[in-house]
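Peer 1: need a structure here:
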Amino acid sequence: MNLVQGLVLAKELFDTIESFDRQCSEEEVKSKKLSEDLKVMSLEKAQLESDKRKRVAEVFQKRAEDAQKLAEERTLAAETAVATANSILEAVAAVKDKLLVSTRQEVERVNVERTDVQAKVVEAYQDAFVDTPEYQILVQRLMTIGRKQLVEWIMETHLEWDISFLRQAPTEVPSFEAVPGDERDGVEDQIIPLVMLEGPQWADP
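Peer 2: Predicted structure coming up:
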């Protein structure tokens, strides 16, 4: 081998080594870049997972907040309903008490008026006819028949109640069959139906 061939061979060997070094450098650069890319990808993956966990946590937190808000609204609605119901019950109780008081007062007033009318009717009959046979017949009717039968008899035979009825009273008391549950009351109670009609028209004898 001569010198020229040795130089050519050495140059080829040097070029080969240099080419190999360049390839190694390039591969090293690629490896570093790949390593960096892997790191970036790992970071991005970690960030994505973190964001995902964060979003999931936010979703669950929002659901919890919505559930709590709904529970508070329902509680408030229930409290409002209870308060409204209590107000209505109090108002109803107040109206009921007022009605009961008014009813008792009205009943007392009617009883007073009723007693007063009874007394006046009895007094009028007694003053005008206590010594007449017609009065005795009327009293006998009141004492011997039931109140319901007396009202029916008066309304059937004397719709226009007048003092002349006493002067034309029959000498015999009409006979009536006893009605179950229509027990004979006192004279004053029996006279009550008389004032429920047009009312006696008192006239001079």
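
Peer 1: Could you list which residues are in contact with residue 29?
Peer 2: Neighbouring residues of residue 29 by Cβ atoms under 8 Å, 6 or more residues apart in numbering: there are none. Using the backbone N, CA and C atoms, a C-beta is placed for each residue, glycine as well.

Peer 1: so it is in which element?
Peer 2: When secondary structure is defined using DSSP states H and E, the element that contains residue 29 is helix 3-129.

Peer 1: which sections of the chain are below the confidence cut-off?
Peer 2: Residue ranges of the chain with pLDDT under 70: 1-4, 114-205.

Peer 1: okay, now the domains of it?
Peer 2: As assigned by automatic domain parsing, the chain contains the domains 1-110, 131-196.

Peer 1: got the CA positions of stretch 49-60 in CSV?
Peer 2: The C-alpha trace of stretch 49-60 is given here as CSV (Å, rounded to 0.1, in the frame of the first residue of the first chain):
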residue,chain,number,x,y,z
GLU,A,49,-55.8,15.0,35.1
SER,A,50,-55.6,17.8,37.6
ASP,A,51,-58.1,19.9,35.5
LYS,A,52,-60.3,16.9,35.2
ARG,A,53,-60.3,16.2,38.9
LYS,A,54,-60.8,19.9,39.5
ARG,A,55,-63.8,20.0,37.1
VAL,A,56,-65.2,16.8,38.7
ALA,A,57,-64.7,18.4,42.1
GLU,A,58,-66.4,21.6,40.9
VAL,A,59,-69.3,19.6,39.6
PHE,A,60,-69.8,17.7,42.8
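
Peer 1: contact partners of that stretch?
Peer 2: The contact list for stretch 49-60 (Cβ under 8 Å, 6+ apart) is empty.

Peer 1: Which positions in that stretch come out as buried?
Peer 2: By 16 or more other Cβ atoms under 10 Å, stretch 49-60 has no buried positions at all.

Peer 1: Start the count at 89 instead of 1 going forward.
Peer 2: In the new numbering, first residue 89, that becomes stretch 137-148.
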